[in-house]
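Trainee: Predicted structure and sequence below. I'll ask about it afterward.
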Amino acid sequence: MTAERTRMVTRNVMGTLRRTYGRHGVSARRSGLEELLLGVLADGGSERRAVAALRTCANSFVDWNEMRVSGDGDILAALGDVPDAGRKAAIVRVLLERVYEVNNEMSLEFLKDRPLRDVARLVAGIDGFPEAALARALILALGRKELPLTHGLTRVCKRLAIIGDGPGQEGKLEKALPPSGLFEFHWLVSRHAATVCREAQPQCEECSLRKECKAGLGKAGGSKTPGRAQRAAGQKRKSSSR
């Protein structure tokens with residue numbers, strides 16, 4: 001795919017997914033670790049509730065290290081009414097443990113100059129981890145101008161033929177997107193990967209990107225426009241994020 005074609009496809013993808021899931025404009029105001037945790041807590045819910053939960057956590061524990069060595073139940077109690085709090089409490093504890101294991105302190109500053117593939121290993125294999133949370137920390141808080149090639153993002157972009165399997169794929173997306181759109185693109189594509197363009201049993205017949213996707217066109221019949229189920233799901237996700 002030529003550079004111009006890549007730019008056109010990524011613009012179309014972002015526009016289509018915005019119509020499905022809504023815009024996602026977030027400005028970082030905290031440390032990289034706090035933005036990473038906020039990305040987890042805000043998944044499937046509102047930013048306001050996530051911020052309130054993070055504030056409660058900060059007030060409930062002496063520091064993030066105390067939270068790391070606490071049980072899931074203690075973390076769960078601090079999360080309040082965030083959606084799917086039990087799953088998120090487990091993710092938060094594992095994340096804090098991972099950060100400490102590789103850095104020996106509770107900070108993500110060490111990720112500022114790590115290769116992206118090493119960065120992605122920080123969250124690899126964490127069940128239920130919302131991949132856009134990593135992009136939120138790296139791009140918005142740590143100032144990196146690169147997209148972490150997390151599993152879902154890579155899968156969707158390969159199916160759309162935006163990136164391939166060879167070397168040098170890391171910088172291809174960044175050249176096709178404006179710096180201000182990097183995080184939103186990651187968030188939108190990661191959400192689509194988790195809900196529609198799944199690794200197993202992708203919902204091709206409900207996919208709003210079918211006309212851009214060479215991998216899925218032959219798998220399902222019917223219209224290439226978004227199905228009612230996906231439109232309804234998108235509206236539900238938009239409402240839950242308010």
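Mentor: Sure, I can see it.

Trainee: could you point out where this structure is predicted with low confidence?
Mentor: Applying pLDDT under 70 to the chain picks out residues 1, 167-168, 170, 217-242.

Trainee: Show me the helices in this protein, by range?
Mentor: Taking DSSP state H as the criterion, the chain contains helices spanning 3-21, 32-41, 47-60, 64-68, 72-79, 85-103, 116-121, 132-135, 151-159, 172-176, 182-195, 228-240.

Trainee: Redo these as JSON lines? Include distance to Ser208 and mean neighbour count.
Mentor: Bear in mind the C-beta positions are built from the backbone N, C-alpha and C, glycine included. Compiled in JSON lines, the helices of the chain are given as follows (distance: least, CB to CB, whole Å; neighbours: other CB atoms under 10 Å):
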{"stretch": "helix 3-21", "distance to Ser208": "5", "mean neighbour count": "17"}
{"stretch": "helix 32-41", "distance to Ser208": "23", "mean neighbour count": "25"}
{"stretch": "helix 47-60", "distance to Ser208": "24", "mean neighbour count": "16"}
{"stretch": "helix 64-68", "distance to Ser208": "38", "mean neighbour count": "17"}
{"stretch": "helix 72-79", "distance to Ser208": "32", "mean neighbour count": "17"}
{"stretch": "helix 85-103", "distance to Ser208": "26", "mean neighbour count": "18"}
{"stretch": "helix 116-121", "distance to Ser208": "26", "mean neighbour count": "15"}
{"stretch": "helix 132-135", "distance to Ser208": "18", "mean neighbour count": "28"}
{"stretch": "helix 151-159", "distance to Ser208": "12", "mean neighbour count": "20"}
{"stretch": "helix 172-176", "distance to Ser208": "19", "mean neighbour count": "17"}
{"stretch": "helix 182-195", "distance to Ser208": "8", "mean neighbour count": "23"}
{"stretch": "helix 228-240", "distance to Ser208": "6", "mean neighbour count": "14"}
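
Trainee: how about the ones you listed in JSON lines, adding distance to Cys207?
Mentor: Formatted as JSON lines, these follow (distance: least, CB to CB, whole Å):
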{"stretch": "helix 3-21", "distance to Cys207": "10"}
{"stretch": "helix 32-41", "distance to Cys207": "24"}
{"stretch": "helix 47-60", "distance to Cys207": "27"}
{"stretch": "helix 64-68", "distance to Cys207": "39"}
{"stretch": "helix 72-79", "distance to Cys207": "32"}
{"stretch": "helix 85-103", "distance to Cys207": "25"}
{"stretch": "helix 116-121", "distance to Cys207": "25"}
{"stretch": "helix 132-135", "distance to Cys207": "19"}
{"stretch": "helix 151-159", "distance to Cys207": "10"}
{"stretch": "helix 172-176", "distance to Cys207": "20"}
{"stretch": "helix 182-195", "distance to Cys207": "8"}
{"stretch": "helix 228-240", "distance to Cys207": "7"}
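
Trainee: looking at these, which is closest to Lys214?
Mentor: Closest approach to Lys214 among these is made by helix 151-159 (7.6 Å; CB to CB).

Trainee: quick one: the closest one to helix 182-195, angle?
Mentor: 90 degrees (axes from the mean of the first three to the mean of the last three CA atoms, to 10 degrees).

Trainee: Who are the contact partners of the closest residue to Ala42 other than its chain neighbours?
Mentor: Distance criterion CB to CB, 6 or more residues apart in numbering; nearest residue to Ala42, sequence neighbours excluded, is Ala50 at 3.7 Å. The contact partners of Ala50, taken as CB atoms under 8 Å, 6 or more residues apart in numbering, are Leu38, Leu41, Ala42, Val82.

Trainee: how close does the closest residue to Cys57 other than its chain neighbours get to Thr150?
Mentor: In space, and not counting its chain neighbours, Cys57 is closest to Ala78: 4.6 Å by CB to CB, 6+ apart. Using CB to CB, to the nearest Å, Ala78 is found at 27 Å from Thr150.

Trainee: Much appreciated, bye for now.
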